[in-house]
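In: Fold the stuff below for me.
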Amino acid sequence: MKFAKDQLQLYAITDRSWLKGRSLESVVEAALAGGATMLQLREKTLSDEEMLKEALALKPICARYQVPLIINDRVDIAKRAGADGVHLGQDDQDLDEARAILGPQAIIGVSCHNLNEAKEAWRKGADYLGAGAVFSTSSKDDASALDWQELACMTEQIPLPIVAIGGIQTSNVSLLKGKGLAGVAVISAVFAADDICRATAELKIKIEEMMRDD
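Out: Model (predicted):
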């Protein structure tokens, strides 16, 4: 799938801890029906084969909604599943290696915590950057808040679309207005909700308001 900046507007990231007895496929479908524009399969506890099985199950759902399927960290799984791309952390596989494996058409995003990391990811050919954590978050034990001045430097100096991540909820997303972002990435704001479709739709409205005239 060809990458477009608008696909980053509401970037939903999976987390099995919020399933509440529901299947991953059902909660993803609800999020996409509610307006999520990109999906990342991020399941740290799954084996490679379990991760591949989930990716293959989510692929037709994402295709039906014309939403890119991104795999967190595991380049080999992205390749085997025929996913649209991969998202890499600073300690994951090198971007050059990932590009060689997945090809020029793959969407490759990189997590960045400062301007220097953002510049390096841009230099190596990332398609987009994930910047954070913009608020405190419980999804990563080592996530420290990103100084918003640093975020401003990243969006001003790096000619790549940047999505904010970390502790973003419907109640605080408006605080990101004016930061030059292409969108936001969320986990619990979508998948912790009882009514995922409704929560996603409400969050998307807030994001659109945040980005208006930005």
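In: same question for stretch 36-46, mean pLDDT?
Out: With pLDDT averaged residue by residue, stretch 36-46 scores 96.
In: can you pull out the strands in the protein?
Out: Remark: strands assigned in the chain by DSSP state E are 10-13, 38-41, 69-72, 85-88, 107-112, 128-132, 162-165, 183-186.
In: Tabulate those strands (TSV), appending mean neighbour count and distance to residue 27.
Out: Where C-beta positions appear, they are placed from N, C-alpha and C, glycine not excepted. Shown next, in TSV, are the strands of the chain (neighbours: other C-beta atoms under 10 Å; distance: least, C-beta to C-beta, whole Å):
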stretch	mean neighbour count	distance to residue 27
strand 10-13	27	9
strand 38-41	26	11
strand 69-72	24	15
strand 85-88	26	19
strand 107-112	25	22
strand 128-132	25	21
strand 162-165	26	19
strand 183-186	26	13
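In: Just send those back as JSON lines, with distance to residue 29 too.
Out: Listed next are the strands of the chain as JSON lines, based on distance: least, C-beta to C-beta, whole Å:
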{"stretch": "strand 10-13", "distance to residue 29": "11"}
{"stretch": "strand 38-41", "distance to residue 29": "10"}
{"stretch": "strand 69-72", "distance to residue 29": "13"}
{"stretch": "strand 85-88", "distance to residue 29": "20"}
{"stretch": "strand 107-112", "distance to residue 29": "21"}
{"stretch": "strand 128-132", "distance to residue 29": "24"}
{"stretch": "strand 162-165", "distance to residue 29": "22"}
{"stretch": "strand 183-186", "distance to residue 29": "17"}
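In: For residue 59, find the nearest of those.
Out: strand 69-72 (5.7 Å; C-beta to C-beta).
In: lowest-confidence helix or strand of this structure?
Out: Using mean pLDDT, DSSP states H and E, the weakest-scoring helix or strand in the chain turns out to be helix 148-157, at a mean of 95.
In: Who are the packing partners of it?
Out: On a contact count with 3 or more C-beta pairs under 8 Å, 6 or more residues apart in numbering; DSSP states H and E, helix 148-157 meets helix 115-124, strand 128-132, strand 162-165.
In: can you rerun that using 10 Å?
Out: Counting contacts by 3 or more C-beta pairs under 10 Å, 6 or more residues apart in numbering; DSSP states H and E, helix 148-157 packs against strand 107-112, helix 115-124, strand 128-132, strand 162-165.
In: How far off centre is that helix?
Out: Between the centre of helix 148-157 and the centre of its chain there are 19 Å (C-alpha atoms, centre = their mean, to the nearest Å).
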